[in-house]
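Colleague: Model the structure of this input:
(chains A, B, C and D, ligands or ions: 10)
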Amino acid sequence: QVQSHYGFGTPATPQDLAKYFSIPADGRGLPPGSGTAANGAKLFADNCAACHGDKLQGNPTAGLGGDKLIGGRGTLATDAPVKTVESYWPYATTLFDYIKRAMPFTSPGTLSDDEVYSLVAYILSEAKIIKANETMDAKSLPKVAMPNRDGFEPDPRPELGLYR
Amino acid sequence: QVQSHYGFGTPATPQDLAKYFSIPADGRGLPPGSGTAANGAKLFADNCAACHGDKLQGNPTAGLGGDKLIGGRGTLATDAPVKTVESYWPYATTLFDYIKRAMPFTSPGTLSDDEVYSLVAYILSEAKIIKANETMDAKSLPKVAMPNRDGFEPDPRPELGLYR
Amino acid sequence: LLSNPATAQKAPPGAEYFDVPDDPTKVPGRPVAGDGGYGSRSQFESEVRVRYPTPNENTSWSLTPLDKMVGNLTASGLHFERHHNGIPTIDPSRHLIVVHGMVDKPLKFTMADLKRFPSVTRRHFIECSGNGLTEWKKPTLKTVQGTHGLLSTSEWTGVPFATIAREVGLKDGGTWVLAEGSDSAVMTRSIPMEKMLSDALLAYGQNGEAIRPEQGYPVRLLLPGYEGNTHIKWLRRLEVSDKPFMTREETSKYTDLMANGKARQFTLDMDAKSVITFPSGDMKLPGPGFYNVTGLAWSGRGRIQSVDVSIDGGKTWYPARIDSLPEPMCTVRFSFPWMWDGKPAVLQSRCTDETGYIQPTLQQLTAIRGDNGPTGSVYHLNAIQSWGVAADGSITNVHA
Amino acid sequence: LLSNPATAQKAPPGAEYFDVPDDPTKVPGRPVAGDGGYGSRSQFESEVRVRYPTPNENTSWSLTPLDKMVGNLTASGLHFERHHNGIPTIDPSRHLIVVHGMVDKPLKFTMADLKRFPSVTRRHFIECSGNGLTEWKKPTLKTVQGTHGLLSTSEWTGVPFATIAREVGLKDGGTWVLAEGSDSAVMTRSIPMEKMLSDALLAYGQNGEAIRPEQGYPVRLLLPGYEGNTHIKWLRRLEVSDKPFMTREETSKYTDLMANGKARQFTLDMDAKSVITFPSGDMKLPGPGFYNVTGLAWSGRGRIQSVDVSIDGGKTWYPARIDSLPEPMCTVRFSFPWMWDGKPAVLQSRCTDETGYIQPTLQQLTAIRGDNGPTGSVYHLNAIQSWGVAADGSITNVHA
Ligand code: HEC
Ligand code: HEC
Ligand SMILES: [Ca+2]
Ligand SMILES: [Ca+2]
Ligand SMILES: [Ca+2]
Ligand SMILES: [Ca+2]
Ligand SMILES: [Ca+2]
Ligand SMILES: [Ca+2]
Ligand SMILES: [Co+2]
Ligand SMILES: [Co+2]
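Modeller: Ligands and ions are numbered 1, 2, ... in the order given. From the prediction side, this is the model:
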């Protein structure tokens, strides 16, 4: 009496799917467009610095609380690790994906793809991960060599020493 | 480590218990005092008739909805049973207990014991269960012969015919 | 960011109104704990319990919207109500529970005292034995809220009466316990000691927080599987006795008058029962096709063992799926995959509990109880419910 | 009879104020359904979830008042919150869930579509993996609400992802699923397909009614036993992929940096954990005597098997009572009868789950994870909690 498929829901067309994105490390789904640190610097000052600091140092203003974005290299194995895009993030693609979806915090989803590429370029360049004149686009971004690229391992739990 | 009694709570003294009552069919706990239908008639007109009707016929006023108190004798085995104090209630003690705790509906617990005895006498007399001049008190009330005294049986369920 | 009074009117009871953005991903949402730290339901959810139009609104009942519910528990705000003179407002710091009668040591307990005892946490339904009282003679109310809404399920936390019994010490021959409420009906019922010692709780918790005012705040009696009226709310007193007290609620009311004029008394167990909540009365199916028929089943005598569903008014029965974990004296959610062919149909569900009792048809039930309900045998209608499906998809309450 | 605005201020969040009579048995109470048909908690109950003072109140969390809770479930109004840019207001009639990626047939579902599928109802805890993040180095927050309040338990109703998977058809090699929220953080996490097919739910029901706005109205992902952040709220999209997406929340956040500078990623299971909620931090025992020590235990890997309690900081362990029914990936309420002799004591609880995993001490845990928390290994602190009892009865959060 029951069909193996219920048949509820309707086909999601390419147009339906066009507004969604989620960019894995290989850059699949990165949009056309490009940006540079020079353009990003101005955009950052206008849209981001209030919360992330004009030196990208994080949280300059009470009540806004943006993360520190650069610095912290070499601290991960110390007693006071500082985790930033520069020191901790394994993939530059994540930066594009996250800024495009969630920033600026008070008006997320309003930046153009060129603007996002530019902001990514600016942050990576301030982090001295790319050179100031490198252009970020769908091809170059996945190739950016993040300092902590190999810093992650899969979950080794359960920790077997904790069984009797 | 644990005591067999926790020891929480404090003794309930006779004074603590004095304000409570609950009168079983044998009349245990009926208070001193007494009343007659004559006194009850006036009390009923003043405090009860608005909701129960001046003929005790029930629910005369929209929004108040007091039960019908008399009538219905001989209807219990018919297709249209009428359940009242007169036709259905097995014990007169219940009438005392209930009026004292819950009536009048808008100011329960305000009647004196004499008033409750009087109202009980009035209702039982209107129901032709006692004579108009009988006095109701702790001794006489439990002895009132209610028409449906033997009308109840304990729960015979589960109904075994409903098992496969 | 709380809604302002001007727009508050737009929100259903229990909800706050907020403006609805075109795209919720493009504007920041409401801040964490902006509600003062206690949340409320969505403004898009509007089901309410509805009062049955008794003449006096202080002795009345309101019914749970079973047709709008999902899962097995009842949201605390939607638990059915039956009050005999309204909801009292009780300050828990001034509330006492006294336990006396045939005991070695009468005691009084503050709420703080009560909460110092070990407690247990159990899920149980409560059903008013008057649930469905309009439905004996002919199908009367339109929706399942009307026909079955005096049923709700909660997680209850409380102290077993057995623990309290050890404190006061029971005298031999104490076979009944009177429970009394602190409302203005000063509600009283007599409960067999055997039940009190087996699983009765003095319950102060409901779904993780204090019991709600309508359900007996600060403490109620919880008698798993017993008719709702016995679960005395606003509990203030327990008196141990060698006999029942023959209170008004166990003589004038909550007794079952049979056709021969004799009435059953202390009919305390709720018999096994089930009902389809989707689709149910007053709904309309958009057209032929697949429907996930779903409902609730429960028994006052233990766990639900199985539920069957019929689409032809009881001629053929198919097993239903059990979609939640069966527990003693607790509802279960069941479902049945139904491919509607567009022809008239009669939907029914029938449950069996772990004692082997099978939910009866109305015919079977009235053969035993007589058909003089609702004025005679008013209570304990647990018959199979039928929902008629017309060719146009409209669903009505029918006797089949 | 609803409270008037002038006196409404007197009532705590979630309650309405009513005048308190001297004797509630002498005045009629409030009428049935006088509240409009959706009830609220008592005016005498005031516990609230409290926001942790992060700089930005839109990306913040609020903690469940575990010290004030009874039973096992969390009242819906007190379920902990963690939002990354506030609570969106979503009209369910306009909400879509799209399922695409490595599937045979990408589909979009309205809420009405989703509700047509068979559903299941399960009780599960959700715990933020950041629960206790302040407690690695030294005892920091005073109460159990602060140390453990990112934990709540509900009854959830929803459609298994496995059912949806049959609709879209999975392509071979689809080993991960991205879940995306419709809030303004457009939250994304990658979930292993194995988990999605084993017990993931698209949940639209919570404790019998629609899921609350703070918990993802109209629909959230429910991943029994997984860290809270993965249970994507306001779910709008599922994308099947051959690899994880390495989103910000699974790289920058919710990874566990070890002492050697390497970080664990996709640490999704919540390890077994327990905590004593009474007595707990910031309480004061009135004096020597009996106390019913009680708390909660839970595991992301199955049922709780047993709970032990120590009153001497872990030197001696006694079995605790289990006061509610253990269910997979669900809290249980436990208790222990303690006769306090008035001398300083250290109370601890320790649970074992059905896999045999034993809740570790903080020393055992930091021996493995390093002691650079909270800036290093921030998440997944499931160590035994210690409450110090001073001779004067005051209770404090201690490391012992
Ligand atoms: C009004 C404040 C505000 C503004 C403006 C803002 N941010 Fe943010 N940003 C935040 C907050 C708060 C977070 C942390 C969000 C969270 O964790 O939930 C954040 C997080 C980030 C992160 C992630 C950091 C990490 O280590 O995980 C990046 C990258 C970022 N912002 C970039 C930007 C950029 C680029 C802009 C401008 C286009 C911007 N932000 C504008 C407040 C702001
Ligand atoms: C304002 C209305 C009102 C007034 C005044 C009132 N009653 Fe009632 N009475 C009711 C209602 C309503 C009920 C039913 C209560 C329930 O079932 O919850 C009731 C029930 C009763 C019953 C039980 C009937 C049965 O068959 O179970 C008795 C007896 C009774 N009242 C006697 C009295 C007496 C005596 C007085 C006066 C002292 C009185 N009432 C005043 C409304 C009222
Ligand atoms: Ca693993
Ligand atoms: Ca029996
Ligand atoms: Ca609803
Ligand atoms: Ca004894
Ligand atoms: Ca409370
Ligand atoms: Ca396939
Ligand atoms: Co009964
Ligand atoms: Co993790």
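Colleague: Angles on the backbone of residue A:116, please.
Modeller: Torsion angles at residue A:116 (phi, psi; degrees, to the nearest 10) stand at phi -70, psi -50.
Colleague: Who's the closest spatial neighbour of it, skipping the chain neighbours?
Modeller: Distances taken as C-beta to C-beta, 6 or more residues apart in numbering or on different chains put residue A:100 closest to residue A:116, at 4.7 Å, once the chain neighbours are dropped. Any C-beta I mention is one placed from the backbone N, CA and C, and that applies to glycine too.
Colleague: Show me where the stretch 301-400 of chain C dips below the pLDDT cut-off.
Modeller: Judged against pLDDT under 70, the stretch 301-400 of chain C has no low-scoring part.
Colleague: Apologies, that question was intended for the stretch 51-200 of chain C.
Modeller: Scanning the stretch 51-200 of chain C for pLDDT under 70 picks out no residues.
Colleague: can you pull out the strands in it?
Modeller: With DSSP state E, counting those that start in this stretch, the ranges of strands along the stretch 51-200 of chain C come out as C:60-63, C:81-83, C:96-101, C:107-110, C:120-127, C:151-160, C:176-181, C:188-192.
Colleague: how about the ones you listed, which one is nearest ligand 1?
Modeller: Among these, the nearest to ligand 1 by C-beta to the nearest ligand atom is strand C:151-160 (33.0 Å).
Colleague: quick one on the thing from earlier: could you pull up the contacting residues of the residue nearest to residue A:116?
Modeller: A:21, A:109, A:111, A:113, A:116 (C-beta atoms under 8 Å, 6 or more residues apart in numbering or on different chains).
Colleague: do stretch A:59-68 and ligand 1 meet?
Modeller: Yes - residues of stretch A:59-68 contacting ligand 1 under C-beta under 6 Å from any ligand atom: A:64-67.
Colleague: Next, the most centrally placed residue in chain A: secondary structure please.
Modeller: Centroid-nearest residue in chain A: residue A:95, 1.5 Å away (criterion: C-alpha atoms, centre = their mean). Secondary structure assignment for residue A:95 (DSSP: H, G, I helix; E, B strand; the rest coil): helix.
Colleague: Same question for the helix or strand hosting the residue nearest to residue A:116: list its buried residues.
Modeller: Using DSSP states H and E, residue A:100 sits within helix A:92-102. Under the neighbour-count criterion of 16 or more other C-beta atoms under 10 Å in any protein chain shown, helix A:92-102 has A:92-102 buried.
Colleague: number of nearby residues for the closest residue to ligand 10 within the stretch 151-300 of chain C?
Modeller: Nearest to ligand 10, among the residues of the stretch 151-300 of chain C, is residue C:208, at 25.9 Å (C-beta to the ion). Look at residue C:208: counted by other C-beta atoms under 10 Å in any protein chain shown, it has 28 neighbours.
Colleague: And the furthest pair within the buried residues of helix A:92-102?
Modeller: Pairwise distances across the buried residues of helix A:92-102 (C-beta to C-beta) peak at 16.2 Å, for the pair A:92 and A:102.
Colleague: and the residue lying closest to the residue nearest to the centre of chain A once chain neighbours are set aside, what pLDDT?
Modeller: Distance criterion C-beta to C-beta, 6+ apart; nearest residue to residue A:95, sequence neighbours excluded, is residue A:120 at 5.0 Å. pLDDT recorded at residue A:120 is 98.
Colleague: my guess is residue A:120 meets residue A:103, correct?
Modeller: No - look at residue A:120 against residue A:103 with C-beta atoms under 8 Å: they stay out of range, at 10.8 Å.
Colleague: more neighbours, these two?
Modeller: residue A:120 (27 against 23).
Colleague: which other helices and strands contact the helix or strand containing the more buried one?
Modeller: Using DSSP H and E, residue A:120 falls within helix A:113-126. Packing partners of helix A:113-126 (3 or more C-beta pairs under 8 Å, 6 or more residues apart in numbering or on different chains; DSSP states H and E): strand A:34-35, helix A:37-47, helix A:92-102, strand A:136-137.
Colleague: Just want the angle from it to helix A:92-102.
Modeller: Interaxial angle of helix A:113-126 relative to helix A:92-102 (axes from the mean of the first three to the mean of the last three C-alpha atoms, to 10 degrees): 130 degrees.
Colleague: Any part of helix A:113-126 near ligand 1?
Modeller: Yes - on the criterion C-beta under 6 Å from any ligand atom, helix A:113-126 is in touch with ligand 1 at residue A:119.
Colleague: hang on, residue A:96 packs against residue A:115?
Modeller: No - counting by C-beta under 8 Å, residue A:96 sits too far from residue A:115 to count as a contact (11.0 Å).
Colleague: returning to what we had before: can you say which of the residues of stretch A:59-68 next to ligand 1 are buried?
Modeller: By neighbour count, with 16+ other C-beta under 10 Å, these hold A:65-67 as buried.
Colleague: Go through those and say which is closest to ligand 5.
Modeller: residue A:65 (35.8 Å).
Colleague: Nearest residue to residue A:82 in space, please, no chain neighbours.
Modeller: residue A:72 (3.0 Å).
Colleague: What does that neighbour show for phi and psi?
Modeller: Residue torsions, per degrees, to the nearest 10, at residue A:72 are phi 90, psi 0.
Colleague: Helix, strand, or coil at residue A:15?
Modeller: helix.
Colleague: Now for it, how many residues are close by?
Modeller: 7.
Colleague: what about residue C:364, which SS state?
Modeller: Going by three-state DSSP: residue C:364 is helix.
Colleague: now it, nearest residue through space, not along the chain?
Modeller: residue B:162 (6.6 Å).
Colleague: Let me see the contact set for residue C:107.
Modeller: With C-beta under 8 Å, 6+ apart, residue C:107 has these contacts: B:9-12, C:98-100, C:167-168.
Colleague: Quick check: bridge partners of it?
Modeller: According to DSSP bridges, the partner residues bridging residue C:107 are residue B:11, residue C:99.
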